[in-house]
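Trainee: Sequence plus the predicted model coming up.
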Amino acid sequence: MRNLLYLLVMLMSTTTLLAGEMTITVREQLNRRWANELMTYTVQFPQGQCYSGSEILHGPAGEVAVQMSPLEVWPNKSVKSAALSFIVPELMPQTEQKYRLSFGNVLAERHPVPQSDLKIAQQDGAIELTTSRYCVRLLLGEKTYEQPVAPSEVLAPVLAMRAAHGPWFGGSTMYGKTAIKSWSSKLVASGPVFARVETTYTYADGNTLTVGCQLNAGDYALLFDMQVSKDSAEDGWELRLGEVTGGTKLIGARTWMKQQPVVFDPKSADPTFYLSPWPGDGWFPDSPAGVRLKMKQPETEMLLTVLDCGSWVPAKTEFEWKNFANWRDGMPLIAWEGWMTKRIPVYAEDNGACMRMNLLAGARKWAVGCRPDANLLFDAFQCKVMDFHSPIMPRLNAVKEMALEWRDGLRHPCLFLDARELQSASVRNSAAHRDLMDLSRMRAQLDALGNMDLMRNVMDTAARYDALIDSGQLSPEERTLRKAQMAFLCYMVDSPAHWSYERGYCSGNPNMTVSRIANLGLAALAIRDNPQGKKWAQYAVDWGKYWLAEVVDDAGQWPESSHYARVSWSDYVQLAITARKAGMHDFFKEPKFKEMAYFYEKTFTPPDPLRYVYAKGYHPRVGAPYGRGTRGDAWGLSGLLAAATATSDPAFSRIMQ
């Protein structure tokens with residue numbers, strides 16, 4: 001792992017080690033402006049070359065604050081590897097900045113030492129972390145009780161918070177029935193780039209709660225991460241949010257975003273809303289992943305946002321809802337139990353509101369901050385604004401670790417058709433070819449950075465990318481950008497904030513899960529020369545093989561109603577065509593795949609007599625409706641199947657035709 005991290009820095013950050021000096025290049029690859037970005041790089045040093053405290057970092061505008069956290073030391077106590085952190089104040093679209101790190105074998109004398117706006121002030125039993133935009137007062141110290149005491153008698157991690165130049169508000173309390181044996185709260189990172197306090201509580205039953213609170217230089221929010229060793233749902237802690245008077249919930253994510261008002265009712269014993277690790281596509285009005293709250297302080301709002309959705313609920317390899325054929329009434333609620341129980345309820349109080357974090361095993365991460373431009377949080381959830389903490393758009397430090405640039409190993413088009421086949425197709429259907437080769441459509445789709453309907457638009461985007469990326473219509477610079485954006489789209493489709501069947505981050509409709517996974521596979525096949533491409537594609541192919549073996553019955557039927565089964569079937573057809581063309585798997589040789597084709601294409605015969613087109617005076621050839629769904633469909637999948645098997649299986653092809 002250490003070698004891999006070092007390789008990532010060398011390859012992705014263009015880090016070159018010299019005698020006592022290295023250069024780190026921070027690049028913008030997605031066509032966005034970034035601001036106040038905490039960057040951390042794992043770096044390595046030869047023995048005796050670097051001692052902690054000797055590092056000096058020069059950025060584009062001169063020396064900048066740097067923080068080095070040694071991870072490993074040589075026998076002579078010099079640094080072998082370290083996490084190097086600094087703040088990038090601003091990075092404009094498609095630009096780069098170089099940072100030069102100097103280090104030595106003795107502690108350097110520097111006057112003055114560069115500072116940040118992060119200030120740390122220790123008091124008796126407390127510590128204040130302050131930036132120009134936010135301040136928090138946290139518990140500091142440790143205590144062991146001769147006899148375990150009730151949680152209500154123990155100090156909680158957060159003592160108070162405030163926005164820039166505003167009054168102090170809020171705090172926190174412990175609650176529950178299980179006595180606490182001891183607690184310890186320590187400053188584990190002391191700036192100047194970020195400060196972090198970790199508070200650990202040990203309960204009488206052996207349970208432990210650790211709350212990490214981190215404030216980065218220049219930041220507007222306190223970043224929380226909470227870790228619990230075992231379930232104890234009746235115990236926990238509350239974070240009081242002070243005098244808030246309503247606000248706005250951000251329901252869903254990306255193009256499905258909706259805003260709904262928050263109305264606090266102190267007379268109600270029920271939560272006003274839940275902060276949720278999975279926003280879905282707007283289906284859960286009481287469970288937003290982001291909220292704006294009106295504060296007493298004018299022109300400033302409080303922001304609550306979930307972070308790192310994947311950490312809240314671990315992915316499983318075996319789970320009750322895995323096989324759609326075994327679903328029964330209430331199965332979606334079983335799938336959702338993990339993330340629904342991990343949600344953080346927010347209650348109204350006489351003087352404001354509070355968050356209640358119960359003790360359930362595992363992790364939870366979120367941010368609490370204050371900003372005068374909080375209305376832009378909506379844009380952040382749509383991947384348009386980069387300097388907000390949100391579960392949807394990763395910060396630059398995470399983006400830098402993505403494989404967004406790679407050596408070409410494919411000649412496009414290759415997804416459905418090669419160049420010769422595409423040329424022939426353009427003669428047969430010139431209008432469709434003109435639409436496919438419309439650069440403006442591809443540019444808009446990729447520039448959205450995932451702000452699209454990730455169930456219905458991904459395959460179209462991948463097909464356009466495949467047709468255009470090697471068409472000669474793009475400059476080398478734009479081609480590099482579009483490759484990066486296409487890879488980023490795959491990361492967004494793969495993100496648990498979008499969908500994670502293994503975590504129960506999914507709907508109660510099997511076709512939606514099939515679509516999301518097939519989308520990832522097909523999009524990944526368009527960039528399968530990317531270091532992550534084959535992994536993503538194999539993931540989708542493996543699920544396709546599993547569902548074909550375990551879910552499709554011997555007659556080829558899928559366990560959904562007419563329309564929704566055809567959604568799943570269409571995804572199967574397109575994944576099958578592209579996977580075979582890529583040499584990954586030949587679904588056309590699977591007997592159940594052919595039975596599925598026969599079943600769903602034969603439902604077009606005879607035509608549904610209820611579907612009469614009066615303007616044209618005939619009954620269209622559509623699938624007969626049954627179960628829950630639209631009244632019939634008219635999809636041309638049999639044409640795709642006929643073309644795909646014209647050479648490999650002429651008899652089957654003739655039937656499909």
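Mentor: Here it is on my side, so go on. Numbering: from 1, shown residues only.
Trainee: Buried residues, stretch 38-55. List them.
Mentor: Residues of stretch 38-55 classed as buried: 38-45, 49-51, 54-55 (neighbour count, 16 or more other CB atoms under 10 Å). Bear in mind the C-beta positions are built from the backbone N, C-alpha and C, glycine included.
Trainee: Over that stretch, what's the mean pLDDT, rounded is fine.
Mentor: Stretch 38-55 comes out with an average pLDDT of 92.
Trainee: Endpoint to endpoint, it covers what distance?
Mentor: 18 Å (CA to CA, to the nearest Å).
Trainee: what's the answer for stretch 117-128, then?
Mentor: Taking CA to CA, stretch 117-128 runs 13 Å from one end to the other.
Trainee: shaky segments in the stretch 101-250 of the chain?
Mentor: Along the stretch 101-250 of the chain, the model assigns pLDDT under 70 to residues 106-112.
Trainee: just to revisit the earlier point, for the buried residues of stretch 38-55, which one is nearest W339?
Mentor: Distance ranking of these against W339, using CB to CB, places L38 first at 27.1 Å.
Trainee: Setting the sequence-adjacent residues aside, check what's closest to that closest one.
Mentor: What sits nearest to L38 in space, not counting adjacent residues and going by CB to CB, 6 or more residues apart in numbering, is N216, at 4.7 Å.
Trainee: Counting neighbours, what do you get for that neighbour?
Mentor: For N216, the count of nearby residues is 24 (other CB atoms under 10 Å).
Trainee: farthest pair in the buried residues of stretch 38-55?
Mentor: For the buried residues of stretch 38-55, and using CB to CB, no pair is farther apart than L38 and Q49, which are 25.6 Å apart.
Trainee: Just give me the closest of the buried residues of stretch 38-55 to E550.
Mentor: Nearest member of the buried residues of stretch 38-55 to E550, counting by CB to CB, is T42, at 41.5 Å.
Trainee: Okay, and the beta partners of that closest one?
Mentor: Beta bridges link T42 to A83, judged by DSSP bridges.
Trainee: How about A646: what's its closest non-neighbour residue?
Mentor: Ranked by CB to CB, 6+ apart and with sequence neighbours excluded, the top spatial neighbour of A646 is S653, at 4.7 Å.
Trainee: wouldn't the one you found be in contact with A642 here?
Mentor: Yes. With contact defined as CB atoms under 8 Å, S653 reaches A642; the gap is 4.8 Å.
Trainee: From A497, how far out is the spatially closest residue to D447 that is not a sequence neighbour?
Mentor: Leaving out its chain neighbours, the residue that sits closest to D447 by CB to CB, 6+ apart is N31, at 6.2 Å. Distance of N31 to A497, computed by CB to CB, to the nearest Å: 21 Å.
Trainee: Compare those two and say which one has the larger neighbour count.
Mentor: Each of N31 and A497 has its neighbours counted (other CB under 10 Å); A497 has more, 26 against 16.
Trainee: Is that one in contact with P391, as I believe?
Mentor: Yes. Contact between A497 and P391 holds when scored by CB under 8 Å: they sit 4.6 Å apart.
Trainee: joint contacts of those two?
Mentor: 253, 279, 289, 309 (CB atoms under 8 Å, 6 or more residues apart in numbering).
Trainee: Filter these down to the ones in strands?
Mentor: Using DSSP state E, no member of the shared contacts of A497 and P391 falls in strands.
Trainee: now those as CSV including distance to G338, neighbour count and pLDDT?
Mentor: Putting the shared contacts of A497 and P391 into CSV (distance: CB to CB, whole Å; neighbours: other CB atoms under 10 Å; pLDDT from 0 to 100) gives the following:
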residue, distance to G338, neighbour count, pLDDT
A253, 19, 29, 92
P279, 15, 28, 93
A289, 16, 28, 96
C309, 12, 24, 97
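Trainee: Which helix or strand lies directly C-terminal to the worst-scoring helix or strand of the chain on mean pLDDT?
Mentor: The weakest-scoring helix or strand in the chain, judged by mean pLDDT, DSSP states H and E, is strand 16-18 (a mean of 37). Following strand 16-18 in sequence order, the next helix or strand is strand 21-27 (DSSP states H and E).
Trainee: Pull out the buried positions in whatever helix or strand G639 lives in.
Mentor: In the assignment (DSSP H and E), G639 maps to helix 637-644. Under the neighbour-count criterion of 16+ other CB under 10 Å, helix 637-644 has 637-638, 640-644 buried.
Trainee: hmm, back to that, roughly how far apart are the residue nearest to L38 and R196?
Mentor: 9 Å.
Trainee: hey, where'd the helices end up in the stretch 1-150 of the chain?
Mentor: Remark: helices assigned in the stretch 1-150 of the chain by DSSP state H, counting those that start in this stretch are 2-12.
Trainee: the strands in it, which residues?
Mentor: For the stretch 1-150 of the chain, strands defined by DSSP state E, counting those that start in this stretch occupy the ranges 16-18, 21-27, 34-44, 56-59, 62-64, 67-73, 79-91, 96-102, 119-123, 126-130, 134-139, 141-149.
Trainee: List the contacts of the fourth one.
Mentor: When contacts are defined by CB under 8 Å, 6+ apart, strand 56-59 is touched by residues 63-66, 84, 86, 97, 99-103, 108, 110.
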